[in-house]
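A.B. asks: I'd like to go over a predicted model; first the sequence, then the structure.
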Amino acid sequence: MTARIGVVTFPGSLDDRDAARAVHLTGAAPISLWHADAELFGVDAVILPGGFSYGDYLRAGAIARFSAVMESVIKAAGDGLPVLGICNGFQVLCEAHLLPGALTRNQHLHFRNRDQALRVESTTTAWTGGFQQGQEILIPVKNGEGCYMADERTLDELEGEGRVVARYIRGNPNGSLHDIAAITNAAGNVVGIMPHPEHAVEVLTGPSIDGLGIFTSVLAHLGARV
């Protein structure tokens, strides 16, 4: 049976179609989910895409967290549904308290858009099982509020429990503490990543196809779960 991966569109989403295309390239079926609709339509996983949901009013992700669809996503994530938040989606996951910490203004106060090297630190999540621990990948980063911040206790927990999923290498584009680019919840089904794997899935348009592993990983996870 073909896996059905939901991609949420908020007002201000920019990368929902890119995420849907990445899902399509894996052979799965992308399912469009509207922010004002609480129904998840039986999807097997959910992606919260990048963009500027609700214009980043108040702060990035703060309003999207209260959308109807997020109430369903929060409940489903608690029941084990794989959820991936990319860039603005990562911000929404933190605002929804599905992930700890917060994404704040880049320390240098400039928007950064560049190809970024990462090191995969954890392969035990639903979204990274297809990588090798320590593998270096290259995917684009584009954000103005991508600086991951948390208190020392939270950082110690993330490090001690192996919940740092990916780290920036060869330069930190936003000043994130511990060079954190991606984290997961304790169960491993919810992952937030600041760089954009959906922009690294085709040779023609990406700096690599390294991002494709995020999307194929969740399919393997779903297959193993079945």
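C.D. replies: Nice, I can see it.
A.B. asks: where are the low-confidence patches of the chain?
C.D. replies: Across the chain, the ranges flagged by pLDDT under 70 are 225-226.
A.B. asks: residue ranges for the helices of it, please.
C.D. replies: Ranges of helices in the chain, per DSSP state H, are 16-25, 68-78, 88-95, 152-160, 212-225.
A.B. asks: ok, T154 - how many residues close by?
C.D. replies: By other Cβ atoms under 10 Å, 15 other residues sit near T154. Where you see a C-beta, it was placed from the backbone N, CA and C, and this is true even at glycine.
A.B. asks: over to C147?
C.D. replies: Each residue near C147 was counted by other Cβ under 10 Å, and the total is 21.
A.B. asks: so it touches H178, yeah?
C.D. replies: No - the pair C147 / H178 is not scored as a contact, 11.5 Å apart, by Cβ atoms under 8 Å.
A.B. asks: picking up where we left off before, which of the helices of the chain is buried the deepest?
C.D. replies: Of all these, helix 88-95 carries the top mean neighbour count, a mean of 28, counting by mean count of other Cβ atoms under 10 Å.
A.B. asks: residues contacting that one, please?
C.D. replies: Defining contact as Cβ atoms under 8 Å, 6 or more residues apart in numbering, one finds that helix 88-95 is touched by 8, 10, 13, 47-53, 56, 59-62, 64-65, 70, 83, 85, 99-103, 145, 182, 190, 192-194.
A.B. asks: out of the residues you listed, which are buried?
C.D. replies: Those of the contacts of helix 88-95 that meet the buried threshold are 8, 10, 13, 47-53, 56, 60-62, 64-65, 70, 83, 85, 99-103, 145, 182, 190, 192-194, by 16 or more other Cβ atoms under 10 Å.
A.B. asks: if we can go back for a sec, any chance of the helices of the chain in TSV, plus distance to F111?
C.D. replies: Compiled in TSV, these are given as follows (distance: least, Cβ to Cβ, whole Å):
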stretch	distance to F111
helix 16-25	18
helix 68-78	26
helix 88-95	13
helix 152-160	25
helix 212-225	23
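A.B. asks: which of those sits closest to L204?
C.D. replies: Across the helices of the chain, L204 has its closest neighbour in helix 16-25 (11.8 Å, Cβ to Cβ).
A.B. asks: got the angle for the closest one vs helix 212-225?
C.D. replies: 60 degrees (axes from the mean of the first three to the mean of the last three Cα atoms, to 10 degrees).
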